[in-house]
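what's the 3D shape of this:
(3 chains)
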Amino acid sequence: MKYRPNEAPVFVIDQSRCIGCEACVQGCMECGTHRGQSLIHLERIDRATTTQTAPMVCMHCEDPTCAQVCPADAIKQDEGGIVHSALKPRCIGCSNCVIACPFGVPRFMAELDQMMKCDMCIDRTSEGLKPMCASVCPSEALWYGTREEFADNRRGELIREFRFGRQDVRTLVYTVVDDLAPGPLDVLRGFERSWLEDPFDLEGGAHDAGLGFS
Amino acid sequence: MSRIPISEEELISRYGPHLNEEPPGGWDGGIVPDRVVQTHCCFCGQQCGIKLKVKDNEVIGFEPWYEFPFNEGKLCPKGVKRYLQGSHPDRLMHPLERDSTSPSGFRQISWDDALNRVASEVRRIQEEHGPDAFAMLSGVSLTNEKSYLVGKFARLALGTANLDYNGRFCMVSAGAGNKKALGVDRAPNPWSDIPLADVVWVAGSNIAETFPITTSYIWKARDRGARLIVQDPRVVPLARTADLFLPVRPGSDSALFGAVLHQLIRNDWLDHEFIDNHTVDFDQAAAAVADMTPAWAASITGVAAARIEEAAELWGTSATGMLLHARGIEQQSKGVDNVLAAINLGLATGKFGKPGCGVSTITGQGNGQGGREQGHKCDQLPGNRDISNPEHREHVAGVWGCDESEIPGKGLSAEEIIEAIHEGSIKGLLSICFNPLVSAPDSNFTKEALDKLEFYSVIDFFLSESAQHADMVLPGSLHEEDEGTATSGEGRIIKINAATEPPGEARLDWEILVDLAERLDRGQYFPFQSSKEIFEELRLASAGGTADYRGVTWERVEAEMGLFWPVPEEGHPGTPRLFEGGKFYHPDGKARFHPIPFRESAEVVDDEYPIWLTTGRVVSQYLSGTQTRRIGALVRQYPEPLCEMHPQLAAQLGVSDGDLITVTSRRGDMVLPAQVVATIRPDTVFIPFHWPGRKAVNQLTNRALDPISRMPEFKVSAVRIDRVDDSQRAGESSEPRPA
Amino acid sequence: MVNLGKSGLDRRALAWGGVGVVLTLALTFLGSDGLRWFDSALIGYLFGLVFAVFAITYRYSVWLRRPPTAMLNRRGWDSFRERPSRNLLSLPALIGSHLLVQGFIRKRSTSRWLAHQFVFWGCILAGLITIPLTMGWLHFQSVGQQADRYQVYFSRVGTVSFDAASIVGWLAFHALDVAAVLVLIGVFIFLRRRLSDPGALAVERSGDFLALAGLFAVSVTGLFLTISSTLLEGQFYPALNTLHALTVILGLMYLPFGKLFHIFQRPANLGVAYYKQVNLDGPQAECRRCGEPFCGIQQVTDVQLVLEQVGFDYSSEDGDNYQNTCPGCRRRQVALAQSLRVGGFG
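Here you go, the predicted structure:
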C-alpha cells in the first residue's frame, strides 16, 4: 500500500485520541533513518489526575523557528517542507533549537553532541509509505493519508495554524478541531473544560453509596 | 519433589529474564533482510498481521502489514517489539534435566534420554496411581494444530482425563455464557461491525492497554456519531473520553446489567418481535430484575442511578449497538452470570445477527479462541464438541481411529488440577506454554503444589518461573518458528508462517509430542509428518461441530487473509457474522435468556480487609511476562507493579505517591510502591499481574471459582493496606513467604 | 543586517575575503623567500588555494553575522573569558575530544566514525603537506653531493635530513599516497554504509555524494601519479598531472560551498562547550507551567533575543514569553489546547 506523490498524503496528529500505549515510541526506534533512537515525544499530561497522554511529532513549520535560531545553519527544510534533523557535520550541539521550538520537538542527544528530530520517516514517506508512528498508532491519534481519506472516515476539521501569544505558526502537519471558526489553535488559552467531569461522582452528591470509604 | 534445584537468584542469573535490547547485529547493522514473512503478532487474541524481516535465520525487525484487513499495519508496543523475543540470550536450546549439583541447576541431556525419562515417569506414575494422576496443562499461545495435537495427545497418548489450558484463566466465562445463551462459543461479530454501532458499550475491558487496536474500531464508530459507554472501576484511557462512564465497584457488574434490563423493560425499549421469535425464557429474566431498580443498583455498584438510566436509554433507544466485554466482568466467581446478564441486554433489544449489533467478548490470549475449540479444554473435543456427549465422542473417535471408550471423560479444570496436585491426587504434570506460578491465583498455594509434584516436565522456549520447578525441560519452539493456523478473537482463522527455524537443539512443539507419543507406544495415532497434516485431520475432527473447519484450507486462509468459522464445506465463504436472521445455535434455533439474580463475590470487604483489590494488565506486558519481561524496551515502559489508589484513600492511609505499601489479603501479602491517581474508585486499588515471586499480585488473589466456567476470581478480593515505614523496610525479605 | 551591494554580494564579507587573499599572497611571498622557493608548476594550486581562502573567508564572515551565530560567537568568547585560566587548561582536552577523536560520531555508529577518522586524518595529512608546498614554505634540497640524501627546508630554515632509501625517506615522498589511501578507505566505508543501509540512503543529500566523489577523485588521481612514476616509467604523467591538478583545484573551489565547509564551522563547537558550562553553572530558568528548571537563564534569554532579531514574537499579552515554558510543557499545552477544541481534556 503506497501513496503516489500526486495523492499528496498529509500527516494528522489528534492528541485527544492518544491512549498512551507508546507503540509510536517503540516504532520510532525502528525507523531506518535513526535506528535505535526514538525521536517522537509522548507526554503524560498529569498522571495524578488523568490518564491523558499526548504524542508530539515534528509539526514541520513552514518557517521553522528551530532553523532560524540555529547558529550553525544546520537545520534544513526540503522541497516537500520536511524539516530535517540537524545536518550532522554542521550541528554544534548548542540546543538553541530545543529552547526555541514552539512545539518542543527537537532533542539534544548529549552522547552524540547533536540535535535530532522527527523527519516524518523520510525513508518511508519518500517512497509513499506511511511514517512508522502513523502506521502503528492503534488509536489513529497519529494518522497519515490523503485529505479525502480523512474526510471520508473521520469527523472534525483539519487545521494547521497555531497561535502562541502574538506568534502565528503554520505547519505542514495538521491537527483536528471540531470547528474551524474560532481560528488558529490558541495554545496559550484556556484549559477549563474537562471531557469527564468528576468521573466518580465524588462531588455530585447525587449519592455516595459504595464510594464512601471510611 | 519438583522444587527449584538451586536458588531463584542463581536460576535467574543463568536463565533470565535478561533483557534483549537490540536486533541481531545491533542497531547499526545492515538492515537489508533476506526475506520478509507475513505472519501475526503473538501477544493477544487480536492476532494483528505483521511482517517479520529475516536475515540468516534470525528475525531482525518488522514492517507493518498494511494489507491485512484487521489491523492495516497498526500494532501496539508489544507487536512492535515482538521480534526481539527471537535471538534471545535466555532461549532454551537443549533438553535439560534437573540437577541440583550442577551450578546452573540443570544438566544438558540428549533428546533421546529426555523423552525416554518423561515416558518412563508417565508410566510409573500412571501404574502406581492411575492414568488420571498424570495431568497435562496447555497454553493458548499454541496454534490450532498444536492445540488439537495436545488434546489428542493427552487423551490418547497419556490417556488422562486431566488436560486443561490456561484459557481457563482468561475466556472460559465468556465461552460458557455464550454456549448457554447462544449455543456457540464465538464472538458473534467480525470487528468490522463495531464501526456500524450507534452505541458502543465497553464493560470490564481496558481496551487501550489490552486490545489497543480495537480503539481504532471504536473511534471509527464515534466518527460516525456513536456514543461510547465505559464500565470500569478505573478511568482507563478509553474511559477518559467516554460519553458515559460507569465506575462500577469490582464484583457488581451483574447488578448494573440487571438494572439496565429493568429500565429497558420499564420503558419498553424492547424488541418484542425479536424476543418472541428468536428467544426463550424472557419472562424468567424479566422476573429476576423486577426489583433491580437503578437506585438499588446504585447502592450495589456505586454508579449513580442517573448514569445507569442514561446507559439504559442509550442502549435501548439506539438502532444498533455493540457491548464488548472482557476479563473485568469475566474473571469473577460469577463471571458466567455477568456474561449472561450482558447477553440479556442484547437479546432484549434485538441486537444480535445484524450489522453493528452484538454482545461480544474480546478474546485475550493469542489463540484463545482456536485453542479451546480444537481440543485442549478439559470438557471439549475438536470442533467445540462436548466430551460428555456420546455422539460427539463417537465422531472424534472415528476420526482418531480409536475406540470411543479410549477417550477419557471430562477432566479437572486448570485451577482444580493445581488443587489436586496440592492435595496429592495428581502426581505428575506435563505442561506446555503455561506459567501458573505467575498466572494462577493464590500463587503461594500454586508454588506449594508444584513443589509436591513427583515429576514435572515442561515444554517451553524460556525457563519460566514455573519451569524452574521442572524435572525435565524440553526446548520447544517460538511462535515464529513454526507454521500453522490460529483463530483470532473475531473467529477469523489466520495463517501463522515460520520465519526461522528453532535454534540449537530446540524442536518444533508438535514434533516433541509426536516423539513422546511414540515412546508411550501410541505412535499409531500420531503419524504426522508436518503441521499441515495435523490440520488436515483437524478439519475432519471439527467437521459437523459448531467450530466447523471442514472447508478451511491453509491456501484459502492465506489468500483471503483469514476465514471466519464455521466453514462447513470447501468453497463456503465463511461466516463473519453469526446469528443472521435470528438463528441461534441451540437445536430450536432460539437464544436463551437467563434469570440472573445478584449475588456477591466470593470475598467481600470487611473491617479486617476493607479495600477492594482488582487486577489486570498493562499495555507493555503480556500475561505472565515469560516473553515480554525479556524485552528491554517493553520492560522499561512499566518496569514493576505499582498499586493504583485514589488520593482520598491515600490520604486516609497516610500514603503519598511512590511510598512503599504492604497490601495484604487472606492469602498473602506483597510490598510495592503506591501510585496515587484520581482515576480509580476511592474504595478500590488496582495492581497489574505480570510479575513473579514477591512482585506477584496473584499472591493475594482468590482461588474461588465460578461454578460453571471454573474461572478463578482474579478481579475481586478484599485487602488491607499499610504504609511501610523505614524500620520495616530494612528487614524486608525477598524470599516468598506464605501467609 | 547583512549589507548587500548591487551584485547581491555582502560588502563586508567581500572585504574580509580580500583581506584573506592579501594575507595568503603575502604569506606566500614571505614564506617562499620572495618567491625563491615557489614552485611555478604549482601556480594552479596556488590559484585554487587563493580562491578557496577568499570564498571561505567570505562565507565564514556572512555566517558569523547571522543573528544566532553572532550571538553564539559572542557568548562563546564571553564564556571563555569568564574563567580564562581554567578554560585554557581544558582547551587541549576539548580539542582532542571534540575535534580530533570525534567520539560523538562513534556513539552514532562505529563504522561511520571509522570512516570519518580515515578521511579526516588523510585530509589533515594532505593539507599539512600540500598547503606549505604550494605556498613555497616547504621544499627539499639534496644535501651536499649526496644524491640520495635530502634535507627538508621550511622557508629558508633547514630542518631534518633523511636518506631517500630509508623508511623516513619513503614516507616523506609517499606521504601524500598514504593520505590518499587513508581517504579512500574512509570513502569506501562511507559508500558501503550508504549503499547497504536504506535509512542512510534516504537522508542522503546530493552534496554528501559530491563531497565523497570529490575526495575520491583527488585521491585516485594523486595515486595515479605515483603509479605512473614508479611502475609505468612516467607514462601518461603529464596528462595525469593535469587531471590531478584539475580535481584538486575544483575541490578547493568546492570547499567553501559544499558539505566540507563544516571543517571551518566545527571549531565553534568549542565555544558551545564553554557556553553550555556557563549555563549549567549559572542560574536556571524555571518553567512557567511546571516550575521545573529546564535550561540556563542566559541561554533562554539569548534565544529570545535572537528570536526577536530574526522576526519572531512569542510574547503574550501578559508580558510573558512562550519560551519561558519548558519543552515538555509546550507539548502538553499544545495537546490540551487541541483536546479542548474536540471535546475536552482529562
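
what about the strands in the stretch 1-150 of chain C?
Along the stretch 1-150 of chain C, the segments classed as strands by DSSP state E, counting those that start in this stretch run C:138-142, C:149-154.

Now do the buried residues in the shortest one.
Meaning strand C:138-142. C:138-139 (16 or more other CB atoms under 10 Å in any protein chain shown). From N, CA and C alone the C-beta is placed, and that goes for glycine too.

re earlier: for chain A, which of the strands of the stretch 1-150 of chain C is the nearest?
Nearest to chain A among the strands of the stretch 1-150 of chain C is strand C:138-142 (29.2 Å), distances taken as CB to the nearest CB.

what packs against that closest one?
helix C:110-134, strand C:149-154 (3 or more CB pairs under 8 Å, 6 or more residues apart in numbering or on different chains; DSSP states H and E).

Check the ones you listed for me: which has the lowest mean pLDDT.
Mean pLDDT is lowest for strand C:149-154 among the helices and strands packed on strand C:138-142, at a mean of 80.

What is that one packed up against?
strand C:138-142, strand C:157-163, helix C:167-196.

Need these in a markdown table (columns: mean pLDDT).
Formatted as a markdown table, the helices and strands packed on strand C:149-154 follow (pLDDT from 0 to 100):
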| stretch | mean pLDDT |
| --- | --- |
| strand C:138-142 | 80 |
| strand C:157-163 | 80 |
| helix C:167-196 | 86 |
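
Would you tell me which of those gets closest to B:Pro89?
Comparison of the helices and strands packed on strand C:149-154 against B:Pro89 by CB to CB identifies helix C:167-196 as nearest, at 26.2 Å.

touching chain B at all, that closest one?
Yes - against chain B, helix C:167-196 shows contacts by CB under 8 Å from any CB of the partner chain at C:Ser196.

Now the stretch 401-550 of chain B against chain C: closest residue?
Closest point on the stretch 401-550 of chain B to chain C, by CB to the nearest CB, is B:Ala499, at 19.9 Å.

In contact with that residue, which residues?
Contact analysis of B:Ala499 by CB atoms under 8 Å, 6 or more residues apart in numbering or on different chains lists B:37, B:39, B:52, B:54, B:59, B:86, B:480-481.

one more time with 10 Å, if that's ok
B:33, B:35-39, B:51-54, B:57-59, B:83, B:86, B:478-483 (CB atoms under 10 Å, 6 or more residues apart in numbering or on different chains).

give me the element the residue nearest to B:Pro610 when sequence neighbours are not counted is part of.
Excluding the flanking residues, the one nearest B:Pro610 by CB to CB, 6 or more residues apart in numbering or on different chains is B:Arg720, at 6.7 Å. Using DSSP states H and E, B:Arg720 sits in strand B:717-723.

Could you do C:Leu246 as well?
helix C:237-254.

May I see the buried residues of the helix or strand just after that helix?
Sequence-wise, the next helix or strand downstream of helix C:237-254 (DSSP H and E) is helix C:262-265. By 16+ other CB under 10 Å, the buried positions in helix C:262-265 come out as C:262-263, C:265.

Closest one of those residues to chain A?
Out of the buried residues of helix C:262-265, the member with the shortest distance to chain A (by CB to the nearest CB) is C:His262, at 3.7 Å.

distance between the helix holding C:Leu246 and the chain's centre?
How far helix C:237-254 lies from its chain's middle: 21 Å, per CA atoms, centre = their mean, to the nearest Å.

quick one: that helix near chain A?
No - between helix C:237-254 and chain A, judged by CB under 10 Å from any CB of the partner chain, nothing touches; the nearest distance is 14.5 Å.

for that helix, packing partners?
helix C:43-64, helix C:110-134, helix C:206-231 (3 or more CB pairs under 10 Å, 6 or more residues apart in numbering or on different chains; DSSP states H and E).

B:Gly368 is nearest to which of those helices?
When those are compared by CB to CB, helix C:110-134 sits nearest B:Gly368, at 44.6 Å.

just the angle between the closest one and strand C:138-142, please?
For helix C:110-134 against strand C:138-142, the angle by axes from the mean of the first three to the mean of the last three CA atoms, to 10 degrees is 70 degrees.

and helix C:110-134, which residues are buried?
Neighbour-count burial for helix C:110-134 [16+ other CB under 10 Å]: C:111-123, C:125-126, C:130, C:132-134.

show me what contacts B:Glu404?
B:390-398.

ranking those by neighbours, who comes first?
Highest neighbour count within those: B:Val396, with 25 neighbours (other CB atoms under 10 Å in any protein chain shown).

And stretch B:660-678, end to end?
18 Å (CA to CA, to the nearest Å).

Give me the pLDDT value at the most centrally placed residue in chain C.
Centroid-nearest residue in chain C: C:Ile263, 0.5 Å away (criterion: CA atoms, centre = their mean). pLDDT recorded at C:Ile263 is 88.

Surely it touches C:His116?
No - using CB atoms under 10 Å, C:Ile263 is not in contact with C:His116, being 11.6 Å away.

before we move on, the earlier item: can you put the helices and strands packed on strand C:149-154 in TSV and add distance to B:Ile426?
Rendered in TSV, the data for those read as follows (distance: least, CB to CB, whole Å):
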stretch	distance to B:Ile426
strand C:138-142	91
strand C:157-163	89
helix C:167-196	56
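
any idea of the mean pLDDT for the helix holding C:Leu246?
Per-residue scores along helix C:237-254 average to 87.

Show me what counts as buried in that helix.
Result for helix C:237-254 [16+ other CB under 10 Å]: buried residues C:240-241, C:243-245, C:247-249, C:251-252, C:254.

same check, this time on stretch B:61-74
By 16+ other CB under 10 Å, the buried positions in stretch B:61-74 come out as B:61-66, B:68, B:70-74.

Quick check, pLDDT for the residue lying closest to A:Cys137 once chain neighbours are set aside.
Take A:Cys137 and drop its neighbours on the chain: the residue closest to it by CB to CB, 6+ apart is A:Cys24, 5.7 Å away. At A:Cys24, the model reports a pLDDT of 97.

A:Cys24 contacts A:Leu42, correct?
Yes - counting by CB under 10 Å, A:Cys24 does reach A:Leu42; the two are 6.7 Å apart.

okay, the two: which has more neighbours?
More neighbours surround A:Cys24 than the other of A:Cys24 and A:Leu42, with 28 against 19 (other CB under 10 Å).

Put together JSON lines for the helices and strands packed on helix C:237-254, with distance to B:Gln648 on each row.
Shown next, in JSON lines, are these (distance: least, CB to CB, whole Å):
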{"stretch": "helix C:43-64", "distance to B:Gln648": "60"}
{"stretch": "helix C:110-134", "distance to B:Gln648": "54"}
{"stretch": "helix C:206-231", "distance to B:Gln648": "60"}
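
Go through the ones you listed and name the closest to B:Pro503.
Per CB to CB, nearest to B:Pro503 of the helices and strands packed on helix C:237-254: helix C:110-134, 26.5 Å.

looking just at contacts, which helices and strands does that closest one meet?
For helix C:110-134, the packing partners by 3+ CB pairs under 10 Å, 6+ apart are helix C:11-31, helix C:43-64, helix C:103-108, strand C:138-142, helix C:167-196, helix C:206-231, helix C:237-254, helix C:262-265.

From B:Leu463, how far out is B:Leu19?
For B:Leu19, the distance to B:Leu463 equals 15 Å [CB to CB, to the nearest Å].

Give me the pLDDT for the residue nearest to C:Val342 when sequence neighbours are not counted.
Sequence neighbours aside, A:Ser16 is the residue nearest to C:Val342 in space, at 4.8 Å (criterion: CB to CB, 6+ apart). With respect to pLDDT, A:Ser16 scores 92.
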